[in-house]
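[1] coordinates only, no sequence provided:
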C-alpha cells in the first residue's frame with residue numbers, strides 16, 4: 001500500500017470523529033461558533049506538532065509571499081466549507097449531510113486541473129463519477145428522478161457548497177505545501193500551522209464583530225473543544241501530508257471512505273435510521289473508491 005493511501009485512510013477516520021464531535025457542539029453553540037471550535041482549539045496542537053519536528057532536528061522551510069497568499073485563500077475556502085457543512089446537518093441526518101459534501105471529489109479534480117494543470121487517470125475519472133452517482137442517490141428521499149425534477153433542497157446546496165469550499169482549499173493547500181522546500185511532512189506541518197493561524201484570526205475577528213459573547217461561549221465549551229481541536233489538527237496534518245505526496249483529487253476521492261465511518265457513527269452514536277437507498281448509494285461510492293485505487 002502506498003504511503004499516501006495509508007495516511008488518507010487515517011485522515012478520513014480522524015475527520016469523521018472530529019465532525020461528529022463538532023455536531024454535538026451545535027447543541028450548545030451556533031453553527032458558526034461550532035465551526036470556529038475546529039480552528040481555535042486546533043491551533044495549540046498544530047504549534048506543538050511543528051515544535052516537536054523542530055525539536056527532532058528538522059529545519060523549517062523559508063516562507064514567501066506566494067505561500068502566504070495561497071494559504072490565505074485556501075484557509076478562507078475551508079472556513080466557508082466547514083460552516084456550510086454544519087448548517088447542512090440541520091436538514092438531514094449525519095450520514096447524508098456528509099454525503100452531500102462528497103461532491104467535493106469532482107470539484108477537486110476540476111480545481112486541480114484549472115489551478116495546477118493536474119490531470120487524472122481514466123480509472124480515477126470513472127471512480128469519481130461513479131462515486132458522484134452514489135452521492136446523487138443519497139440526495140433525495142424520493143430518489144434521483146425526484147432530485148432532478150423538484151430541485152435539490154437546502155441540505156444539498158449547503159453540502160455541495162461545503163464540497164466546493166473543501167475542494168478549493170485542498171488544491172490551494174497542496175500548492176502551498178509544494179511551494180516550500182523541505183521534507184514533505186515538514187512542509188505539510190508548516191502549512192497546517194499557517195492555515196490554522198489564519199483561520200483562527202479571521203473567524204475569531206468575525207465572531208467578535210458579530211457578537212462578542214460568541215468567543216465566551218466557545219471558551220466555555222473547552223471540554224468538547226479540546227478533543228475537536230486535537231482530532232481536527234491530526235486530520236488536517238494527515239490530509240495535507242497526503243496531498244503533498246499525491247494529487248488532491250486522488251486523496252479527496254479516497255477520503256470518501258469517510259462515509260463508512262459516518263454510517264457507524266449514525267447508527268451507534270446518534271441512533272439515526274439509515275435507509276436501503278442510502279446504503280446502496282454508499283456502496284456505489286465505495287466501488288468508485290476501488291476504481292480510484294487502480295490508478
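    Happy to help now that I have it. What you see is a predicted model; the values in this text were computed from it and never measured.

[2] all strands for the protein, in order.
    For the chain, strands defined by DSSP state E do not occur.

[3] most centrally placed residue in the protein?
    Of all residues in the chain, the one closest to the mean position by C-alpha atoms, centre = their mean is residue 166, 5.6 Å from it.

[4] got a list of what that one touches?
    77, 78, 81, 101, 104, 108, 252 (C-beta atoms under 8 Å, 6 or more residues apart in numbering). Bear in mind the C-beta positions are built from the backbone N, C-alpha and C, glycine included.

[5] just the residues you listed now: which is nearest residue 193?
    residue 78 (14.0 Å; C-beta to C-beta).

[6] since we're on that closest one, how many residues are nearby?
    Neighbour count for residue 78, taken as other C-beta atoms under 10 Å: 26.

[7] wait, isn't it in contact with residue 165?
    Yes: using C-beta atoms under 8 Å, residue 78 is in contact with residue 165, at 6.2 Å.

[8] quick one: pLDDT of the nearest residue to residue 191 once chain neighbours are set aside?
    Nearest non-adjacent residue to residue 191, counting by C-beta to C-beta, 6 or more residues apart in numbering: residue 177, 4.5 Å away. Per-residue confidence (pLDDT) for residue 177: 96.

[9] same deal with residue 206?
    pLDDT, residue 206: 90.

[10] again, but for residue 236
    With respect to pLDDT, residue 236 has a value of 93.

[11] so it is in contact with residue 196, correct?
    Yes: contact criterion C-beta under 8 Å: residue 236 and residue 196 qualify, at 7.2 Å.

[12] overlap in contacts, these two.
    42, 46.

[13] any stretches of the stretch 1-150 of the chain with poor pLDDT?
    Where the stretch 1-150 of the chain drops to pLDDT under 70, the residues are 1, 89-100, 102, 135-136, 138-150.

[14] now with 50, please.
    Residue ranges of the stretch 1-150 of the chain with pLDDT under 50: 142-150.

[15] ok, residue 15 to residue 88 distance?
    Applying C-beta to C-beta, to the nearest Å, the value for residue 15 to residue 88 is 15 Å.

[16] between these two, which one's more packed in?
    A count of neighbours by other C-beta under 10 Å puts residue 88 above the other of residue 15 and residue 88, at 27 against 21.

[17] for this protein, longest helix please?
    Ranked by residue count under DSSP state H, the longest helix found in the chain is helix 184-210.

[18] from memory residue 179 sits against residue 64, does it?
    Yes: using C-beta under 8 Å, residue 179 is in contact with residue 64, at 7.3 Å.

[19] and these two? Which one has more around it.
    residue 179 (18 against 10).

[20] need the nearest residue in space to the more buried one, chain neighbours excluded.
    residue 67 (5.0 Å).

[21] counting neighbours, what do you get for the one you found?
    Using other C-beta under 10 Å: residue 67 sits among 21 other residues.

[22] wait, doesn't it sit right on residue 178?
    No: Residue 67 is not in contact with residue 178 according to C-beta under 8 Å; the separation is 9.8 Å.

[23] may I see the buried residues of the longest helix of the chain?
    By 16 or more other C-beta atoms under 10 Å, the buried positions in helix 184-210 come out as 184-200, 202-204, 207.
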